[in-house]
Every structure is written in C-alpha cells, then in structure tokens.
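Student: take this sequence and fold it.
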Amino acid sequence: QVQLVESGGGLVQAGGSLRLSCAASGRIFSDSATGWFRQAPGKEREFVAAISSSGGATEYADSVKGRFTISRDNAKNTVYLQMNSLKREDTAVYYCARNRYALLSGSYYATREYDDWGQGTQVTVSS
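Tutor: Coordinates of the predicted model:
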C-alpha cells in the first residue's frame, strides 16, 4: 500500500496559479500511474489529470486542458499538478491517487482504477 499526502492548496484569485504536490511513501510509487481528481461541494468526484508511471504519457479533463499540467519526479516520489489561469469553477478538494496500472488504460478517468488515495487539499478560487 502507498500513503499519499497532498499539499499546496489554498486561496487564490481567479487568473492565478497554484502548484499541488502529492508525496508518496510505502511501496514503490514509480511503478504506478497517478491521477488527480477533485470534488466540489455537492458534486461527485471528477477526473482532472493522469500521468503514466514513467511520465511519458498524460491525460487531462477537457475542463482543464491547456491550463493544468501534471508531472512527476520519481526520484522524489512526488507527482505535481501545476494549475494556471484558475477559475472559480476550479474550487474543490483535490485528491491524488495511485492507479493499479503502470500505463494509462482506456479507463484512466475512472475512480475504480485507483487503489490508494490521499486525504485531499482544498483549492479555493475567488473572483
């Protein structure tokens, strides 16, 4: 099992930027793809971005494409989510999660493919 700890959330004005970090400990993190999800109050958890174990492949939700960038540093057991041009609708609790596969399968956006989750970090975007 992998323990995941997110950090970097906070309050930011619309148009601003934040970088989230997901630090992993436990089993070998670099063997697994990793995803970022978010959940706003009263809404279901939704996919944001995913990255393969090597970092060679990435996928994004249409709502964040061109604004968010996912990356990873396997030497540091950390995955990042750079968020630029933030909008009010990006306000949510952001979670990182370990995918059960190394590569991004056809269901990389589905929560069922992720076995370990962090506790989340709050991102609030004000107008």
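Student: and the gap between the residue most central in space within the chain and Ser126?
Tutor: Centroid-nearest residue in the chain, with Cα atoms, centre = their mean: Trp36, separated by 2.0 Å. Counting by Cβ to Cβ, to the nearest Å, the gap between Trp36 and Ser126 amounts to 21 Å. (Glycine included, C-beta is placed from N, CA and C.)
Student: also Asp116?
Tutor: Asp116 is 32 Å from Ser126, by Cβ to Cβ.
Student: same check on Ser71?
Tutor: Ser71 is 26 Å from Ser126, by Cβ to Cβ.
Student: neighbour-wise, which of these two wins?
Tutor: Ser71 (14 against 11; other Cβ atoms under 10 Å).
Student: mind checking the SS state of the more buried one?
Tutor: strand (DSSP: H, G, I helix; E, B strand; the rest coil).
Student: the closest residue to it other than its chain neighbours bridge partners, please.
Tutor: Setting aside the residues directly before and after it, Ser71 is nearest to Tyr80 in space (Cβ to Cβ, 6 or more residues apart in numbering), at 5.0 Å. Note on Tyr80: beta-bridge partners by DSSP bridges are Ser21, Ser71.
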